[in-house]
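S.K.: When you get a sec, could you give me coordinates for this:
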Amino acid sequence: MNELEKARKEIEAIDSQMASLYEQRMDAVRHVISYKMENNLPIYDKQREEKLIEKNRKYIKNPDYELYYVDFLKHVMENSKDFQRSLQSQDIVAYCGIKGAFAHMTCEKLFPQSHTMGLSSFEDVFDAVVQKRAQYGVIPFENTNSGLVGEVLDALNSYPVYILGAYNLKVEQCLLGLPEATLKDVEWVYSKDQALSQAKVFLQELNVKTVAYPNTALAAQYVALEKDIHKAAIGAKENAAFYGLKVLATHIEENNQNTTRFMVIGLEPSNQGDRFSLCLVIEHKAGSLAQIIDIIGKHGLNMQCIQSRPIKGRPFEYFFFIEFDGNLEDENVQHCLKEIRTICERVKVLGNYTLKED
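M.R.: Model (predicted):
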């Protein structure tokens, strides 16, 4: 055994000891975060970290190693905080809106035992998952009447998340007003732009003015607070009970098969499911997309849908979202992906999942 082999063997023995000590340290971290959560304490304590670094650096006897050990300690502490955040976010599901929003109702259907976290934007939902303030996010992806939610697809393409599930929620849009109001009183209607679009024919017949709101539940809350019989909101009938309103009309959506597909997102991919999705950036030249479609067909894959979105910073160039039947671990899928990667600028795998129906 030469000197290199001896040194490597010694390092391997030390690594084995470090792994055991690491597990002991993380077991202690579990107790730390448990206490912090029970006593509503923050994960990050700047003063304590600074004191620990100053204290622990003195254990190093060789001055050549001291700065590297400080850097090592900082990485260990970041690792510990990241683990604490993951434990803190367990059983927390983030969505865009407030109580009564369709996303909130979907959360309660899919995660009846979990805590929900209402946020003000789709980006906030993605950020909460990435920053480990929530274990999952529930976001609307597409509606059978108003189409794709473009900003959600943009976020799926840019954030480091995976799709873990899909759920089709049958949407019944209702007109909600004050308890003393009638349809004849209504002059202004507030709701999410997609909801206004879904009820376009009804609203034209009612001859009212419309105002787009961030989501349906916020619109219902606004109408309740305004206490004006001339104002109404479009939303789920459940919002009437939540905000003390009256249902003035039901099934006002143009399409009686009105359905919104919600996606569940998380940080870790699933190996279970009978669907998977990709985001692709292909070369901006004639025949590029046709080449991709040919490869998909050659490997016997069925596309459920294909969508395109503009690439920010590259005018009139697009990335593509494709949903397939199958599982990423299937042999033909693996071969297809390998071939696609050779001709794409970028391939983002969004993971396996199963579609559930309302």
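S.K.: pLDDT (mean, whole number) over the host helix or strand of residue 32?
M.R.: Assigned by DSSP states H and E, residue 32 falls within helix 3-38. Averaging pLDDT along helix 3-38 gives 91.
S.K.: Which positions in it come out as buried?
M.R.: Residues 29, 33, 36 are the ones in helix 3-38 that count as buried (16 or more other C-beta atoms under 10 Å). No exception for glycine: its C-beta is placed from N, CA and C like everyone else's.
S.K.: could those residues be laid out in TSV, adding distance to residue 81?
M.R.: Formatted as TSV, the buried residues of helix 3-38 follow (distance: C-beta to C-beta, whole Å):
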residue	distance to residue 81
29	9
33	9
36	11
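S.K.: ok, and what's touching stretch 274-291?
M.R.: 156-157, 163, 166, 292, 304, 311, 314, 317, 319-328, 333, 337, 340, 343-355 (C-beta atoms under 8 Å, 6 or more residues apart in numbering).
S.K.: Give me the buried subset of the residues you listed.
M.R.: Using 16+ other C-beta under 10 Å, the buried ones in the contacts of stretch 274-291 are 156-157, 163, 166, 292, 311, 319-324, 326-328, 333, 337, 340, 344, 348, 350-353.
S.K.: quick one: contacts for the closest residue to residue 151 other than its chain neighbours?
M.R.: With sequence-adjacent residues excluded and distances taken as C-beta to C-beta, 6 or more residues apart in numbering, residue 151 is closest to residue 122, at 5.6 Å. Counting by C-beta under 8 Å, 6+ apart, residue 122 touches 96, 139, 149, 151, 152, 155.
S.K.: among the residues you listed, who's most crowded?
M.R.: residue 96 (26 neighbours; other C-beta atoms under 10 Å).
S.K.: For that residue, grab phi and psi.
M.R.: With angles defined as degrees, to the nearest 10, residue 96 sits at phi -90, psi 120.
S.K.: contacting residues around it?
M.R.: 103, 118, 119, 120, 121, 122, 124, 125, 139, 140, 214, 215.
S.K.: is it in a bridge, and if so with what?
M.R.: With DSSP bridges as the criterion, residue 96 is bridged to residue 119.
S.K.: distance of it from residue 317?
M.R.: 28 Å (C-beta to C-beta, to the nearest Å).
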